[in-house]
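**Student:** just the structure for this:
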Amino acid sequence: MSTLHADPRAIACTSFWQALSDRLESLHALSGPALVEALNALLQPFFPNLAAEVLGDPPAFTLVLTAHGAEADFEDLMALVRSAPALPQVEVEAFRQRMREGFSMRMNDFELACSDVLVKHEPYRGRVALEIGFAKPIPMDMQDHARHMSLIMLDHILGEYDFAVKVGPVDHVEADAQADFDGVPLDDFVPLFDACWRENLGHTGVFPAGEHGWSGLTATRTAEDGSEVEAVVMRNDAANALLGRADLGHRLSAAIPVESGEELDEARAYEDRLTALLQTHGEGCCTHIVLEEGVRTVHFHVADPQAAIVHAQSVQEALELPVTLDLAFDPTWKSYRTWLA
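**Tutor:** Numbering: from 1, shown residues only. This next block holds a predicted model:
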């Protein structure tokens, strides 16, 4: 079988798992730092921006693959974990998971406990904005260091994926305002964060049933020549329930020129057919439609990008339309969130 046009990511995934399988017997004999070092030595040639960590005591252990919170590397990480074969006595996990409350952290002779970090939160454009303060006095020369530590602790308490995808802007309280800051201790924050995500923001993760409600919006932007370009947007409000789901991180866009009423009807027919194909079995959800400069672009968040492209191309061929497809990894649903208040 020729690999001339094979996906480089898929090749790297296969190569890593083969290398690990070949070394598995010797890996089971290692423990602690030696095992972590050996796993990372296998991983780095294929995915230099990812890292391997270990939970449990060999020979049985959990291999945790992490991108250190770098959203740009999440697609590689998720593809690598999805492609993992069954490995004797080894479980494979994507992302650092949440740690239990009550831990403390020490860096450069400075220590913070979860009870020392205070947090306030509020919904902000589809994500959770945070404000961080401290319950104990922080020396002025340690303010930046303490703030850096607080972000690491938030990552640990919320989990790598949730911290990167669900958290919006993060601000720190100024040193002279710490005494009046009424945030909750990090120990007590996780249930509040989860409730804000589900209840306040409405991101339940449950695929919406029945007819979807839509909102119409308009916006203008300045083109390169200085002229104003108007966009008409239809936003699927029901899609908000799915925002941030790890299995719907890819956005498929289909752009169709519309210069007449007939072409508009054809574009709508295309959208309806593709939406039905994707949404019937929960393979994806139409999130929003943008009409700008004579081009109507429909956006979907999909579970299986390649299957979604096949569906899109089949509808295009059936209707004989000039459709331009684009696929992007967008785990935070940035394109959709643009149109949230």
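
**Student:** CA only for contacts and neighbour counts going forward, please
**Tutor:** Will do.

**Student:** which residue packs closest to Ser83, ignoring adjacent ones?
**Tutor:** What sits nearest to Ser83 in space, not counting adjacent residues and going by Cα to Cα, 6 or more residues apart in numbering, is Cys13, at 6.7 Å.

**Student:** which helix or strand contains the one you found?
**Tutor:** Counting by DSSP states H and E, the secondary-structure element that holds Cys13 is helix 8-28.

**Student:** quick revisit: now do the contacts for the residue nearest to Ser83.
**Tutor:** The neighbours of Cys13, taking Cα atoms under 8 Å, 6 or more residues apart in numbering as the test, are 46, 79-80, 83.

**Student:** how far away is it from Glu75?
**Tutor:** Distance of Cys13 to Glu75, computed by Cα to Cα, to the nearest Å: 12 Å.

**Student:** equivalent analysis for Asp171, please.
**Tutor:** 27 Å.

**Student:** wait, doesn't Trp214 sit right on Asn240?
**Tutor:** No - here Trp214 lies out of contact with Asn240, judged by Cα atoms under 8 Å, at a distance of 10.9 Å.

**Student:** which one of those two has more residues nearby?
**Tutor:** Neighbours around Trp214 and Asn240, counted as other Cα atoms under 10 Å, are more numerous at Asn240. The numbers are 23 against 15.

**Student:** name the nearest residue to that one, ignoring sequence neighbours.
**Tutor:** Using Cα to Cα, 6+ apart and skipping the chain neighbours, the partner closest in space to Asn240 is His203 (6.0 Å).

**Student:** wait, isn't that neighbour in contact with Ala195?
**Tutor:** No - here His203 lies out of contact with Ala195, judged by Cα under 8 Å, at a distance of 9.8 Å.

**Student:** now do the strands in the stretch 151-300 of the chain.
**Tutor:** Per DSSP state E, counting those that start in this stretch, the stretch 151-300 of the chain has strands spanning 167-172, 184-185, 214-222, 228-236, 250-257, 284-292, 295-302. These are given in chain order.

**Student:** elements contacting the last one?
**Tutor:** It refers to strand 295-302. Identification of packing neighbours for strand 295-302 by 3 or more Cα pairs under 8 Å, 6 or more residues apart in numbering; DSSP states H and E yields strand 250-257, helix 261-279, strand 284-292.

**Student:** in JSON lines, list the ones you listed along with distance to Leu39 and mean neighbour count.
**Tutor:** As requested, these are arranged in JSON lines below (distance: least, Cα to Cα, whole Å; neighbours: other Cα atoms under 10 Å):
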{"stretch": "strand 250-257", "distance to Leu39": "29", "mean neighbour count": "23"}
{"stretch": "helix 261-279", "distance to Leu39": "38", "mean neighbour count": "17"}
{"stretch": "strand 284-292", "distance to Leu39": "35", "mean neighbour count": "23"}
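
**Student:** ok, back up a step: which one of the strands of the stretch 151-300 of the chain lies nearest to Met99?
**Tutor:** strand 184-185 (15.0 Å; Cα to Cα).

**Student:** partners of that closest one in the sheet?
**Tutor:** Sheet pairing for strand 184-185, assigned by DSSP bridges, gives strand 117-124 (antiparallel).

**Student:** what mean pLDDT does the strand it pairs with have?
**Tutor:** If you average the pLDDT over strand 117-124, you get 97.

**Student:** mind listing what's buried in it?
**Tutor:** Across strand 117-124, burial judged by 16 or more other Cα atoms under 10 Å covers 117-121, 123-124.

**Student:** so where's this protein uncertain?
**Tutor:** Low-confidence regions of the chain, defined here as pLDDT under 70, cover residues 1-5.

**Student:** what sits closest to Pro305 if chain neighbours are left out?
**Tutor:** Going by Cα to Cα, 6+ apart, Pro305 has His250 as its nearest residue, at 6.6 Å.

**Student:** tell me how far stretch 231-243 lies from the chain's centre.
**Tutor:** Here stretch 231-243 shows a centroid-to-chain-centroid distance of 18 Å under the convention Cα atoms, centre = their mean, to the nearest Å.

**Student:** what residues does it touch?
**Tutor:** Defining contact as Cα under 8 Å, 6+ apart, one finds that stretch 231-243 is touched by 202-208, 212-220, 248, 285-293, 332-333, 336, 339.

**Student:** Asp76: which element?
**Tutor:** helix 74-82.
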